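Engineer: Structure of the sequence below:
(2 chains)
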Number of protein chains: 2
Amino acid sequence: MRILVQKFGGSSVADLECMKKVRAKVLAAHEEGYKVVVVLSARYGQTNSLLERAYQWSDEPDLAELDVLLTTGEQESVALFAMLLKDAGIKARSFLGFQIPLISDDAFGNARIDEIDAASLRKALETYDVLVVAGFQGRTRDMRLTTLGRGGSDTSAVALAAALGEGTLCDIYTDVDGVYTTDPRLCKDAHKVDRISYDEMLEMASMGAKVLQIRSVEIAEKYNVPVRVRSTFSNDPGTLLTKEDSMMESVLVSGIAFDKDQARVTLCDVRDRPGIAASIFSPLGEAGIVVDMIIQTASRDGVTDMAFTVSRKDLKRTLDTLGKANVECSHIESAQNISKVSVVGVGMRNHSGAAGRVFNALYKAGVNLIMISTSEVKISCLVDDADLELAVNVLHKEFNL
Amino acid sequence: MRILVQKFGGSSVADLECMKKVRAKVLAAHEEGYKVVVVLSARYGQTNSLLERAYQWSDEPDLAELDVLLTTGEQESVALFAMLLKDAGIKARSFLGFQIPLISDDAFGNARIDEIDAASLRKALETYDVLVVAGFQGRTRDMRLTTLGRGGSDTSAVALAAALGEGTLCDIYTDVDGVYTTDPRLCKDAHKVDRISYDEMLEMASMGAKVLQIRSVEIAEKYNVPVRVRSTFSNDPGTLLTKEDSMMESVLVSGIAFDKDQARVTLCDVRDRPGIAASIFSPLGEAGIVVDMIIQTASRDGVTDMAFTVSRKDLKRTLDTLGKANVECSHIESAQNISKVSVVGVGMRNHSGAAGRVFNALYKAGVNLIMISTSEVKISCLVDDADLELAVNVLHKEFNL
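Structural biologist: Take a look at the predicted model:
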């Protein structure tokens, strides 16, 4: 049995016309001899309108009940799409998250997958040609409904492909025809890449290239799921996410990612004593705030400056949390007009000199670097919002993308 | 633990203001010391709009998928209402049909309850003060979603009360303050009754008094659930459905019901041979058409006329089905401009003469009787649409209601 998982997002299921395009993709795969597992999101805008309604009704909606509300979105999509498939003479049925079951922890609103028992799907594929699965949703072990967080349908799709076993392909359909070297809106030379490694995609995704939810890439890497990012509106083969191969390693840099959603917080004159970092970052962790880059300057006279970045939406909560935590420092500064630009490539593992080329190119272009952080396969620089477009173009050119 | 089941229909959960009225009812019961199980329908109009959408998308939507679609309606209601209760400081959580579980057969769209395991609800009531349960929905033994047919939330509520065990009260909230002797829109003397027996209510319900779904009354009778029909918009104690008692039997007639949704089919000159009735009614049964009154005239020269009534919406299908079944008769007639009026009362069990009074009163008023059928506790007459209002008023007066 050759199984293909196809995932379609909210704009692909927005209305009957869109759904018919999706059906054409599914029928084509069926005709190629695949058993197809279609993973659908809620139609475009529905999740937001359900959220709006909940927040109109309640100042602080219960998160578990919010998930009961939100899961109706994909439920509608899969019911209607299964009807359309049957109208086309295809043996199809819908599966909700709890019916699979896709079992998650109980972090309502942002649950993580614990386990997928794919036996029921495999059994259903003996009877049906196409299964229409609600993405983004699961259930806890005690049968309460959960959602997997924004973009969770990508994660559902890849995790299902992993659970369905080796050889299962996973096509993620989106409104672009693959992964680009950088955002074409910022850099006219940006172009699609045919292949990209999981690690590179992870860095690209975490840097704000919002093609795939980052957790879906982690799962793809862990279970070695071949994932293709493709367009609903074309027949382009898209970009294949795969393990690194030697061809990839010969390329130093495969993409330039960036993230405008950055805010920087600086704690000035922090007393430099053991445990001080924990006293700052533990309360933020407990408040569910994700801290990205962290930089501590060298200590002088027993005090130091500590700077870090968070999402802009979390800035106010970050400052509130730090205020309550009573951190020993002279004062706290914050800035929102900053962006992060990152150079990503598995080739950096084996080639030195990339960092020097990044800093030099930006320096020559007159771009001021506010903070720097690096990993094995990426170099990230925090720059002024005003410098972002220039920085992306300079780096895109520097590495001949 | 004193448990009260409260059921609220679509108009009671139509918007935030309505839901707040419902919350006030729930809070009042909570303050009286009850553990409350609230059963909710989809908000007014939602089920119809989901159905419309499905029928726009598909000429013949798959019934199982239609149930997946329709169950989102109550899911929305219970999630939002549970949020409202939590905002008021009440320990509450929602339960969907599959979570209880309410297990039904697989007659999608019109499923019947097989079993309710109330253990999870009882356990939840140890932790929570109020459980908010989605009415109208259940699941099959193999985890597919089902709906219980129009008005199924009444059935959910009464069946839950039965499953929760002896002593559980069930209040069905509606937009009228109880059961009336007849429809006040047709008869100005109509008035609310304080008590009515299950049997009488069954006849009233089956005769078109749409206060309660008929199956809910059957379940209430079978499990002896005390059911009160009450108004969301007043504090009236409503009408209590209960076993017959001697007080009731002293009243000959407790109500006049009627049903305008009638169509009559007459098969003329049917060959009167053994098995002829089966050859007519078996195909109708297989087509899911409910036949109500059946009358066969005395046979003459080996032929007879066979007349029966169906819902108006089923008339076309009935004629199609009979056409295909090739029934041996000279021709088939049908009429839609007819209504049924029924006199209902458990007192008829022990008193004779009611039928005579019905026919005599209608005769004196000039109402022509098209068909007649009787049961232990009711007498039904088919009359011309134009005569219906007159017939109701004449009978209401005849029995001093």
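
Engineer: quick one: what helix or strand has the residue in the stretch 251-400 of chain A positioned nearest to chain B in it?
Structural biologist: Relative to chain B, the nearest point of the stretch 251-400 of chain A is A:Gly288 (19.8 Å; C-beta to the nearest C-beta). In short, each C-beta sits where N, CA and C put it, glycine included. A:Gly288 is located outside every helix and strand, with elements delineated by DSSP states H and E.

Engineer: buried residues in the strand ranked longest in chain A?
Structural biologist: Under DSSP state E, the strand in chain A containing the largest number of residues is strand A:255-271. Using 16 or more other C-beta atoms under 10 Å in any protein chain shown as the test for burial, strand A:255-271 gives A:255-259, A:262-267, A:269-270.

Engineer: Spatially, which two of these are the most separated?
Structural biologist: A:Gly255 and A:Asp269 (38.8 Å; C-beta to C-beta).

Engineer: circling back: ok, which of the buried residues of strand A:255-271 also contact chain B?
Structural biologist: When contact is defined as C-beta under 8 Å from any C-beta of the partner chain, the buried residues of strand A:255-271 do not meet chain B at all.

Engineer: can I get these in TSV with distance to A:Ser94?
Structural biologist: Below are these laid out as TSV (distance: C-beta to C-beta, whole Å):
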residue	distance to A:Ser94
A:Gly255	37
A:Ile256	41
A:Ala257	36
A:Phe258	39
A:Asp259	36
A:Gln262	40
A:Ala263	41
A:Arg264	46
A:Val265	46
A:Thr266	51
A:Leu267	51
A:Asp269	59
A:Val270	55
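
Engineer: Could I get those residues in a markdown table, plus columns for distance to A:Asn368 and pLDDT?
Structural biologist: Putting the buried residues of strand A:255-271 into a markdown table (distance: C-beta to C-beta, whole Å; pLDDT from 0 to 100) gives the following:
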| residue | distance to A:Asn368 | pLDDT |
| --- | --- | --- |
| A:Gly255 | 23 | 89 |
| A:Ile256 | 18 | 91 |
| A:Ala257 | 20 | 89 |
| A:Phe258 | 16 | 89 |
| A:Asp259 | 18 | 87 |
| A:Gln262 | 15 | 89 |
| A:Ala263 | 18 | 92 |
| A:Arg264 | 13 | 92 |
| A:Val265 | 19 | 92 |
| A:Thr266 | 16 | 91 |
| A:Leu267 | 21 | 90 |
| A:Asp269 | 23 | 89 |
| A:Val270 | 24 | 87 |
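
Engineer: from those residues, which single one is nearest B:Leu40?
Structural biologist: Of all the buried residues of strand A:255-271, A:Ala263 has the smallest distance to B:Leu40: 42.1 Å, by C-beta to C-beta.

Engineer: Average pLDDT for the host helix or strand of A:Leu284, rounded please.
Structural biologist: Assigned by DSSP H and E, A:Leu284 belongs to helix A:276-286. Taken as a whole, helix A:276-286 has a mean pLDDT of 85.

Engineer: List the buried residues for stretch A:152-166?
Structural biologist: A:152-164.

Engineer: where exactly do the helices run in chain A?
Structural biologist: Secondary structure of chain A (DSSP state H): helices located at A:16-31, A:46-57, A:63-70, A:72-87, A:119-127, A:152-164, A:198-206, A:214-223, A:246-249, A:276-286, A:315-325, A:354-364, A:388-398.

Engineer: least reliable of these going by mean pLDDT?
Structural biologist: Minimum mean pLDDT among those: helix A:246-249, a mean of 61.

Engineer: Give the pairing partners of the longest strand of chain A; include direction for each.
Structural biologist: strand A:303-311 (antiparallel), strand A:331-344 (antiparallel) (DSSP bridges).

Engineer: Tell me which of those strands lies nearest to B:Met348.
Structural biologist: strand A:303-311 (74.1 Å).

Engineer: orientation of the closest one relative to helix A:276-286 in degrees?
Structural biologist: Relative orientation of strand A:303-311 versus helix A:276-286 (axes from the mean of the first three to the mean of the last three C-alpha atoms, to 10 degrees): 20 degrees.

Engineer: Give me the residues contacting strand A:303-311.
Structural biologist: If you take C-beta atoms under 8 Å, 6 or more residues apart in numbering or on different chains as the criterion, strand A:303-311 is touched by A:261-272, A:276-277, A:280-281, A:284, A:289-298, A:318, A:329, A:338, A:340, A:371, A:382.

Engineer: Tell me, how many residues neighbour A:Asp142?
Structural biologist: By the measure other C-beta atoms under 10 Å in any protein chain shown, the count of residues near A:Asp142 is 8.

Engineer: Hmm, I typed the wrong one, I wanted A:Gln296.
Structural biologist: 15.

Engineer: Nearest spatial neighbour of it, chain-adjacent residues omitted?
Structural biologist: In space, A:Gln296 comes closest to A:Met306 once its chain neighbours are excluded; the distance is 5.1 Å by C-beta to C-beta, 6 or more residues apart in numbering or on different chains.

Engineer: Quick check: A:Phe233 touching A:Lys21?
Structural biologist: Yes: using C-beta atoms under 8 Å, A:Phe233 makes contact with A:Lys21 at a distance of 7.3 Å.

Engineer: if I pick A:Val132, what's in contact with it?
Structural biologist: Contacts of A:Val132 by C-beta under 8 Å, 6+ apart are A:Val38, A:Leu40, A:Val78, A:Phe81, A:Ala82, A:Leu85, A:Ala92, A:Arg93, A:Ser94, A:Phe95.

Engineer: who wins for most neighbours among these?
Structural biologist: Using other C-beta under 10 Å as the neighbour test, those are led by A:Leu40, with 32 neighbours.

Engineer: ok, now how distant is it from A:Gly73?
Structural biologist: 10 Å (C-beta to C-beta, to the nearest Å).

Engineer: Tell me which of the helices of chain A is the most buried.
Structural biologist: With neighbours defined as mean count of other C-beta atoms under 10 Å in any protein chain shown, the helices of chain A peak in mean count at helix A:152-164, which reaches a mean of 28.

Engineer: nearest residue to the residue nearest to the spatial centre of chain A other than its sequence neighbours?
Structural biologist: In chain A, the residue lying closest to the centroid (C-alpha atoms, centre = their mean) is A:Gln213, at 2.1 Å. Excluding the flanking residues, the one nearest A:Gln213 by C-beta to C-beta, 6+ apart is A:Gly151, at 3.4 Å.

Engineer: just A:Val225 next, same as before
Structural biologist: According to C-beta to C-beta, 6+ apart, the nearest residue to A:Val225 is A:Ala161 (4.7 Å).

Engineer: Correct me if wrong: the one you found contacts A:Arg228.
Structural biologist: No: counting by C-beta under 8 Å, A:Ala161 does not reach A:Arg228; the two are 10.9 Å apart.

Engineer: which residues do these two both contact?
Structural biologist: A:Leu169, A:Cys170.

Engineer: near chain B, which residues of chain A?
Structural biologist: Residues of chain A lying near chain B (C-beta under 8 Å from any C-beta): A:16, A:19, A:50, A:53-54, A:56-62, A:64-66, A:68-69, A:71-72, A:75-76, A:78-80, A:82-84, A:86-87, A:93-94, A:96, A:98-99, A:143-145.

Engineer: Any stretches of the stretch 101-250 of chain A with poor pLDDT?
Structural biologist: A:205-210, A:246-250 (pLDDT under 70).

Engineer: any idea where the strands of it begin and end?
Structural biologist: Ranges of strands within the stretch 101-250 of chain A are A:102-104, A:113-116, A:130-134, A:137-139, A:145-147, A:169-174, A:195-197, A:227-231, A:239-242, based on DSSP state E, counting those that start in this stretch.

Engineer: closest to B:Val394 out of those strands?
Structural biologist: Using C-beta to C-beta, the nearest of the strands of the stretch 101-250 of chain A to B:Val394 is strand A:145-147, at 55.4 Å.

Engineer: which other helices and strands contact the closest one?
Structural biologist: helix A:63-70, strand A:137-139 (3 or more C-beta pairs under 8 Å, 6 or more residues apart in numbering or on different chains; DSSP states H and E).
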